[in-house]
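Engineer: sequence first, predicted model second:
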Amino acid sequence: MGCSVLLAAFAHRLSPLCLVSRACSLGVPEVQDGQYVLISHGHILKVLTQAEFVKLRAAGARMFASVMILFYFMPVMYWWFRRGHQKAG
């Protein structure tokens, strides 16, 4: 059971990464010369509206939080299940 929970949690936390990278086209939303733009390696991919810019910045923050939760959740579950085995034995 423990392994399936970890795999499900990993897949659940990985999905926002895929959605954000697809939405951003692997670019980073920035403000350049007073314009909201999507930049990748110094090249402007797209000029954004303020609403698109805010949406992509929020998605980036959500992605960062997802990664932090993923890295926190795996060790917690490892020690949680390990603690259960020590009590039983």
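Structural biologist: It's in.
Engineer: CA atoms for contacts and neighbours, from now on please.
Structural biologist: OK.
Engineer: buried stuff in stretch 37-44?
Structural biologist: By neighbour count on 16 or more other CA atoms under 10 Å, the buried set for stretch 37-44 is 37-39.
Engineer: how about JSON lines for the residues you listed, with secondary structure, distance to residue 52 and pLDDT added?
Structural biologist: What follows is these, written out as JSON lines (DSSP: H, G, I helix; E, B strand; the rest coil; distance: CA to CA, whole Å; pLDDT from 0 to 100):
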{"residue": "37", "secondary structure": "strand", "distance to residue 52": "10", "pLDDT": "95"}
{"residue": "38", "secondary structure": "strand", "distance to residue 52": "10", "pLDDT": "92"}
{"residue": "39", "secondary structure": "strand", "distance to residue 52": "14", "pLDDT": "92"}
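Engineer: take the residues you listed and write them to JSON lines, including distance to residue 26.
Structural biologist: JSON lines is the format used below for those (distance: CA to CA, whole Å):
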{"residue": "37", "distance to residue 26": "13"}
{"residue": "38", "distance to residue 26": "9"}
{"residue": "39", "distance to residue 26": "9"}
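Engineer: the longest helix in the chain is where?
Structural biologist: Longest helix in the chain by number of residues, with DSSP state H as the criterion: helix 50-88.
Engineer: packing partners of that one?
Structural biologist: If you count contacts as 3 or more CA pairs under 8 Å, 6 or more residues apart in numbering; DSSP states H and E, helix 50-88 packs onto helix 2-24, strand 28-32, strand 35-40.
Engineer: mean confidence score for the longest one?
Structural biologist: Read that as helix 2-24. The average of the pLDDT scores along helix 2-24 is 66.
Engineer: could you do stretch 72-80 as well?
Structural biologist: Stretch 72-80 shows a mean pLDDT of 79.
Engineer: cool, thanks, talk later.
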